[in-house]
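Colleague: whatever this is, show me its structure:
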Amino acid sequence: MKKLILFILCIAILFTGFTFLPVDVQSNIQSELSSVTSTTYSEMNKTEVQDDDTTDGLSDFTEITQDNTPEAADPDTNTDSSEFTKSSTERSENTDADGDGLTTDKEAVLGTDPLDPDTDGDGISDYSEYHTYRTDPLDPDTDGDGFSDGHEVILPDKQIEPYNELNPLQKNVLYEIDRTSAVPGLYTSDLDQIQQAFMSAPVANPNNETGIIISFIEDESILRPTEFITYDIYLSEYHSHFTYRDKGVRHVLIGTDVASEQSTTTIGLSEVGGDTLLIEYDGIDATGNILMHEIGHSLGLSKNTFTGIDSREYTTEEYPSTMNYNQYSCEINQDCTNVVEYQYSTGDGGSTDFDDWGYIESVFTENAPSTSQLEYIPSNSINSTSP
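Modeller: Residues are numbered from 1 along each chain as shown. The predicted model follows:
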């Protein structure tokens, strides 16, 4: 009651501007008011600090209106209070804003997006690319062979033929082989020698290994009344049999009589950098070498690249390559000296030679076939994040 009386007197003094009390009484009033004011402020401040469900140093009001995290204190090793002054994308060097398993600090070093768990959009999380597969999290096709890193990891893992040999760190090429009913099929030795030549190729890869992995899918025998095949006939009657069209695979069709518009004696026909190869069956080895020649065209080699290709301008010693028409002199005039089988040149034969493999490597990515119909890889489908 005493305090209330003093308080009323004080109000009266303040409004009137006059004092009717002795000095000692006024002093007591000021002391009491100071005590009340101090206590009230202290209690109010204490109430706000305690209204902090997470005990992280930020009131629930502050977290709700500015940080929106009143229920979850300290998602990392720092308190929310210490992180609050930092930007929303990087509250702490130990945060992992996108949940991919890499800290914001580590993503800054790698150059990856701290707000996107799959920076390059290839279907593999940044963490998995860096720690598990050793692929480039900034490049969706680390080895530059036309298959995304996601395809090269997921498809073999699912045992999806013919993609079991895909490797995200080494270049791959795939060919589907169909044949007309009169063709018995390629000899295994033909395909083996082509594969050995490609694996021995001086072509660099991200895994520090050299060589290209070439795979063949021997698909089906196609019945047809006549074996005569031109490119137009292929499009109208055979292209529909191309099972892996737009799935990163090129199509080989082998028949007994292949012809072009320019010549009826053609033994092979293909598009430069294309996905269609027409091969005339000619028995063991000969058919394999023709296939190797046309594969070279599909990978970018042409007469416009080097004048020794598809010509007899240079001997096989000057230009030791399956792309050299003199390679086939053994069959034409029985001159079987210096025959080069299942081989592209490395350019080491002198001033007239050409580096086939080097050129193939330089245009490998741009000549890769379409993968538009290949099984879709959803973003972050391999988003394992824990060490």
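Colleague: now do the strands in the stretch 251-387 of the chain.
Modeller: Using DSSP state E, counting those that start in this stretch, the strands of the stretch 251-387 of the chain run over 257-258, 268-270, 276-280.
Colleague: just put those strands in TSV and tack on mean pLDDT.
Modeller: Shown next, in TSV, are the strands of the stretch 251-387 of the chain (pLDDT from 0 to 100):
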stretch	mean pLDDT
strand 257-258	86
strand 268-270	89
strand 276-280	93
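Colleague: format the ones you listed as TSV; extra columns: distance to Y359 and mean neighbour count.
Modeller: C-beta: built from backbone N, CA, C; applies to glycine. Rendered in TSV, the data for the strands of the stretch 251-387 of the chain read as follows (distance: least, CB to CB, whole Å; neighbours: other CB atoms under 10 Å):
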stretch	distance to Y359	mean neighbour count
strand 257-258	26	20
strand 268-270	16	22
strand 276-280	18	24
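Colleague: could you find the closest non-adjacent residue to T243?
Modeller: Nearest in space to T243, with sequence neighbours left out and distances taken as CB to CB, 6 or more residues apart in numbering, is D219 at 5.6 Å.
Colleague: and the helix or strand harbouring the one you found, what's buried?
Modeller: D219 is part of strand 213-222 when elements are defined by DSSP states H and E. Residues of strand 213-222 classed as buried by neighbour count (16 or more other CB atoms under 10 Å): 213-219, 222.
Colleague: and which of those is nearest to P184?
Modeller: E218 (11.8 Å; CB to CB).
Colleague: Provide the secondary structure category for the residue nearest to the closest one when sequence neighbours are not counted.
Modeller: Excluding the flanking residues, the one nearest E218 by CB to CB, 6+ apart is I177, at 5.0 Å. With DSSP: H, G, I helix; E, B strand; the rest coil as the basis, I177 sits in strand.
Colleague: beta partners for I214?
Modeller: According to DSSP bridges, the partner residues bridging I214 are V173.
Colleague: report the contact partners of it.
Modeller: Applying CB atoms under 8 Å, 6 or more residues apart in numbering to I214 gives the contacts 172-175, 194-195, 198-199, 295.
Colleague: any idea which of the strands of the stretch 251-387 of the chain gets closest to Q159?
Modeller: Of all the strands of the stretch 251-387 of the chain, it is strand 276-280 that lies closest to Q159, at 27.3 Å by CB to CB.
Colleague: so what strands line up beside that closest one?
Modeller: The pairing partners recorded for strand 276-280 under DSSP bridges are strand 250-255 (parallel), strand 268-270 (antiparallel).
Colleague: that older thread, OK, contacts around the residue nearest to T243?
Modeller: Under the criterion of CB under 8 Å, 6+ apart, the neighbours of D219 are 176-178, 241, 243.
Colleague: and the gap between it and Y163?
Modeller: 14 Å (CB to CB, to the nearest Å).
Colleague: now F364
Modeller: Taken as CB to CB, the span from F364 to Y163 is 18 Å.
Colleague: more neighbours: the two, which one.
Modeller: Neighbours per residue (other CB atoms under 10 Å) separate F364 from Y163, with Y163 holding more: 25 against 19.
Colleague: where does the nearest residue to that one once chain neighbours are set aside land in three-state SS?
Modeller: Excluding the flanking residues, the one nearest Y163 by CB to CB, 6+ apart is L155, at 3.8 Å. Assigned with three-state DSSP, L155 falls in the helix class.
Colleague: for D246, give me its contacts.
Modeller: Per CB under 8 Å, 6+ apart, neighbours of D246: 369-374.
Colleague: ok, and the most crowded of these?
Modeller: Going by other CB under 10 Å, P369 tops the contacts of D246 with 23 neighbours.
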